[in-house]
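# No sequence on hand, only this structure:
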């Protein structure tokens, strides 16, 4: 956590949107490739600055990024808190006292008779206490775990994700077989904190504990595996999620993404994306599906179909620099260089730096 998007732009986490924009412009001018030709370090710095600005200039992305920083800070503090307990310097104890230091005195005892009946009574009494203590502990752990789980759900609804994560961990501590708590904690780690390895471990626990895990669990585990670059396993999980629920359109979209970009299965990917576009209703995800399908058509050299999908996506999101860049590349394949340059120029104006290379190669 030494370098963050805030330190990269040389601003504080409390900086306003105007301050973010001013800092970005200042650094973008300083490290722009045109001012530093052939300087690889400046080019990499420019890309990092652009990534930081894309995140911090978007209120929702910035909020999620701040939550991730808070989560990592909390984890680091916990590790530092418990570190002394594992340090060898705290484990030295005094050597046992020698015989000369010990004091012995005679103990006068009276001979007592301990019958078999007394033994049975003692054994029954001790066993009863142990069973009662065990039952009391199990009951209290169950009650405490459920209470913390319900409180965590209310915190999630209020957007208090860090507190919810701690409570879910407490619920699992008191009730290790609480599958629902593992599922909610995995969801937080996947979607809010982006701790994909921890999310995968939690979803594995849910699948191991539940007799019939839901399609949603397999879907989220598949997404976790995608982020961890386990693409074959991600596809298998998404396949199973769709088998359990054929109407989980988000699973079709995600499987199409995995097949298209990582497994190079273009035709199955196009089928998945078309399924989502036929039934999915979320606007942002429809734009995403059209962009992916347009790219899939581009890869199989169906230029006209690619252009059609990009045009539909741009009709819903005119300020998407990446879409303008993709449309420009398709226009080049359609032998329309003038139109391609218009799209590349628009992409560059919208802050998509990759368009600059296309402009230099094809338009200047």
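Noted; the coordinates are in hand. Quick caveat, the model's predicted, so the values are computed rather than measured. Numbering: from 1, shown residues only.
# which ones are touching residue 189?
For residue 189, the contacting residues are 165, 195, 196, 198, 199, 202, by C-beta atoms under 8 Å, 6 or more residues apart in numbering. C-betas here are computed from N, CA, C, even on glycine.
# from those, which would you call buried?
165, 195, 196, 198, 199, 202 (16 or more other C-beta atoms under 10 Å).
# Among the contacts of residue 189, which one lies nearest to residue 313?
residue 196 (27.4 Å; C-beta to C-beta).
# Identify the residue spatially nearest to that closest one, adjacent ones excluded.
Leaving out its chain neighbours, the residue that sits closest to residue 196 by C-beta to C-beta, 6 or more residues apart in numbering is residue 227, at 4.2 Å.
# Please determine how far that neighbour is located from residue 195.
Distance, residue 227 to residue 195, by C-beta to C-beta, to the nearest Å: 10 Å.
# go on, residue 11?
25 Å.
# And for residue 147?
For residue 147, the distance to residue 195 equals 25 Å [C-beta to C-beta].
# Residue 142 sits in which helix or strand?
Taking DSSP states H and E as the criterion, residue 142 maps to helix 116-157.
# Next secondary structure element downstream of that helix?
helix 161-174.
# between that following helix and helix 116-157, how many degrees?
Using axes from the mean of the first three to the mean of the last three C-alpha atoms, to 10 degrees, one finds that helix 161-174 and helix 116-157 are set 160 degrees apart in direction.
# Report how many residues lie close to residue 231.
16 (other C-beta atoms under 10 Å).
# show me what contacts it?
Contacts of residue 231 (C-beta under 8 Å, 6+ apart): 225, 258, 262, 263.
# about what we covered before: list just the nearest of the buried ones among the contacts of residue 189 to residue 299.
The nearest one, if we look at the buried ones among the contacts of residue 189 relative to residue 299 and count by C-beta to C-beta, is residue 196, at 26.6 Å.
# pretty sure that closest one is touching residue 222, no?
No - counting by C-beta atoms under 8 Å, residue 196 does not reach residue 222; the two are 11.5 Å apart.
# tell me the secondary structure for residue 61?
Here residue 61 is helix, with the state taken from DSSP: H, G, I helix; E, B strand; the rest coil.
# quick one: it from residue 70, how far?
Separation of residue 61 from residue 70 (C-beta to C-beta): 15 Å.
# From start to finish, how long is stretch 293-312 in a straight line?
Stretch 293-312 has an end-to-end distance of 11 Å (C-alpha to C-alpha, to the nearest Å).
# Stretch 173-181 too?
Using C-alpha to C-alpha, one end of stretch 173-181 lies 10 Å from the other.
# And the contacts of that stretch?
Residues contacting stretch 173-181 (C-beta under 8 Å, 6+ apart): 141-142, 144-146, 148-149, 152, 168, 171-172, 205-206, 209-210.
# What remains of those if I keep only buried residues?
145, 146, 148, 149, 152, 168, 171, 172, 205, 206.
# Count the residues that sit near residue 279.
10.
# my guess is it meets residue 247, correct?
Yes - using C-beta under 8 Å, residue 279 is in contact with residue 247, at 7.4 Å.
# what sits against residue 17?
Residue 17 makes contact with 57, 59, according to C-beta under 8 Å, 6+ apart.
# try the one 10 residues further on
Contact analysis of residue 27 by C-beta under 8 Å, 6+ apart lists 9, 10, 45, 49.
# hmm, try it at 7 Å
9, 49 (C-beta atoms under 7 Å, 6 or more residues apart in numbering).
# helix or strand for it, which one?
helix 17-31.
# pLDDT below threshold where in the stretch 51-200 of the chain?
Low-confidence segments of the stretch 51-200 of the chain, defined by pLDDT under 70: 79, 82-114, 137-138, 140-141.
# what's the distance between the nearest residue to residue 12 once chain neighbours are set aside and residue 309?
The spatial neighbour of residue 12 that comes closest, neighbours along the chain excluded (C-beta to C-beta, 6+ apart), is residue 6 at 6.4 Å. As for residue 6, its distance to residue 309 is 37 Å (criterion: C-beta to C-beta).
# who's more crowded, the two?
Between residue 6 and residue 309, counted using other C-beta under 10 Å, residue 309 has the larger neighbour count: 26 against 20.
# just checking, the more buried one touches residue 294?
Yes - between residue 309 and residue 294 there is a contact under C-beta atoms under 7 Å: 3.5 Å.
# Next step: the contacts of residue 231 restricted to helices.
Among those, the ones falling in helices (DSSP state H) are 225, 258.
# Sketch out the strands for the chain, chain order is fine.
Shown for the chain, no strands are assigned by DSSP state E.
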